[in-house]
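Q: dropping a prediction and its sequence here:
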Amino acid sequence: MVGRSLKGLSIIKFPMGEKKEKVEKQPKAQGETTPAATGTQGAKKQKEKKETADTKHPSPGPDVAFVSPLKERYRSVTVPELMKKFHYKNPLQVPKVMKVVVNMGVGEGTRNRDLFVNHSEELMLITGQKPVITKAKRAISNFKIRKGMPVGIKVTLRGKNMENFLFKLFNIVLPKVRDFRGLNPNSFDGKGNYSFGLSEQIIFPEIRAEKVKRIQGMDIIIVTSAKNNEESKALLSSLGLPFKKG
């Protein structure tokens, strides 16, 4: 400490201390938050991420039910036509197809088991459904058939399998039959059901003729809720089943 007098005053000089270094604040790293803001901002960012993810990958909604072409025709064409023709007051009164039975009689299968296997595979391709074996209900001595012996195969179609089969039958298979001029309009049973036969399975698009070991026919029965033949014929005609004219 150095001192000197100046007109009666004492001036005291103190030694200068070292200057304190100025500490610059470092910029925050990107995404760094203060402890106080961590909770609020973190929750907000999590919410934003979830909303973005939901936008990019929305949760699947309810499945849109597929309506077969035959069912669509029934709703839009058949129901209005039959309500007008038969004066139904309620659409629920309009008859509908309940089931379809496709049957193959494999008589020779009693002696050749491979025929059952081959025709079962063919019928499954044609109908989209595994067939069951039918057995003789009684003995037939002339054909050497005993009661309970396997004599054929059949499928009973309902729902979508039935609709797909009938649409294919009406629009693809029957028009493919050589010299086809329509089905017999008199083959109803009086209770609204219609039956007819096909002489060979190779007319179906699923069957490749070069792989067929034996030509096999089949019987088809269309069961409806119609009360009589007239209603049943009108129903099937409207759905596209081609009947012989005249």
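A: In hand now; what should we look at? Numbers count the residues shown, from 1 in each chain.
Q: enumerate every residue touching the nearest residue in space to Arg158 that is not next to it in sequence.
A: Leaving aside its sequence neighbours, Arg158 sits nearest to Lys99 (C-beta to C-beta, 6 or more residues apart in numbering; 5.0 Å). From N, CA and C alone the C-beta is placed, and that goes for glycine too. Lys99 is in contact with Thr156, Leu157, Arg158, Met162, Val223, counting by C-beta atoms under 8 Å, 6 or more residues apart in numbering.
Q: nearest to Glu121 among those?
A: Nearest to Glu121 among those: Leu157, at 17.1 Å, using C-beta to C-beta.
Q: for the residue lying closest to Arg75 once chain neighbours are set aside, grab the count of nearby residues.
A: Spatial nearest neighbour of Arg75, chain neighbours left out: Val67 (7.9 Å); criterion: C-beta to C-beta, 6+ apart. Using other C-beta atoms under 10 Å, Val67 is surrounded by 13 other residues.
Q: just Phe170 next, same as before
A: Based on other C-beta under 10 Å, the number of other residues close to Phe170 is 17.
Q: assign it to helix, strand or coil.
A: Classification of Phe170 using DSSP: H, G, I helix; E, B strand; the rest coil returns helix.
Q: so what's it scoring on pLDDT?
A: At Phe170, the model reports a pLDDT of 95.
Q: nearest residue to the middle of the protein?
A: Phe66 (6.2 Å; C-alpha atoms, centre = their mean).
Q: and that residue, helix, strand or coil?
A: coil.
Q: next: Lys137.
A: The three-state label given to Lys137 by three-state DSSP is coil.
Q: got a list of what the closest residue to it other than its chain neighbours touches?
A: Nearest residue to Lys137, sequence neighbours excluded (C-beta to C-beta, 6+ apart): Lys147, at 6.9 Å. Shown in contact with Lys147 (C-beta under 8 Å, 6+ apart): Ala136, Lys137, Arg138, Ala139.
Q: ok, of these, which come out buried?
A: Ala136 (16 or more other C-beta atoms under 10 Å).
Q: and the furthest pair within the contacts of Lys147?
A: Farthest pair in the contacts of Lys147, by C-beta to C-beta: Lys137 and Ala139, 9.3 Å.
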